[in-house]
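Enquirer: Okay, predicted coordinates and the sequence, questions at the end:
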Amino acid sequence: MDILVFKTNLSDHDRIRDIEPALDVHPDIYQWNVDLNDPDMVLRVVSRHIQPKDIEAMILGAGYYCEELPD
């Protein structure tokens, strides 16, 4: 399993609900959450066989900012 970490602008629960359908149905995503208390509004994704650029594309496609944070 991989844990991918991203900086986002998902600043409230309404924005999180906008991305929820795409992340919940993806077969390679096992778990995800957004830390609204973190200044970077960090999205953490537990997955297998998914590239960070794919997560970024899903979030960007929903109209929100998403950038992988370095290890």
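Expert: Nice, I can see it.
Enquirer: and Arg15, that one's in a strand?
Expert: No. The assignment for Arg15 by DSSP: H, G, I helix; E, B strand; the rest coil gives helix, which leaves it out of any strand.
Enquirer: Where does the nearest residue to it once chain neighbours are set aside sit: helix, strand or coil?
Expert: Spatially, and ignoring its direct neighbours in sequence, Arg15 is nearest to Tyr64 (6.3 Å; CB to CB, 6 or more residues apart in numbering). Every C-beta, even on glycine, is put in place using the N, C-alpha and C of the backbone. Under the three-state scheme (three-state DSSP), Tyr64 adopts coil.
Enquirer: Check Tyr64 and give its pLDDT.
Expert: The per-residue pLDDT reported for Tyr64 equals 97.
Enquirer: Need phi/psi at it.
Expert: With angles defined as degrees, to the nearest 10, Tyr64 sits at phi -120, psi 160.
Enquirer: now do the one 3 residues further on
Expert: Backbone geometry at Glu67, expressed as degrees, to the nearest 10, gives phi -140, psi 130.
Enquirer: Touching, it and Glu56? I think so.
Expert: Yes. Applying CB atoms under 8 Å, one finds Glu67 in contact with Glu56, separated by 6.8 Å.
Enquirer: hey, where'd the helices end up in the chain?
Expert: Listed in chain order, the helices of the chain (DSSP state H) span 13-25, 52-61.
Enquirer: mind listing what's buried in the shortest one?
Expert: In this case it means helix 52-61. 52, 55-56, 58-59 (16 or more other CB atoms under 10 Å).
Enquirer: Which single one of those is nearest to His13?
Expert: Ile59 (15.6 Å; CB to CB).
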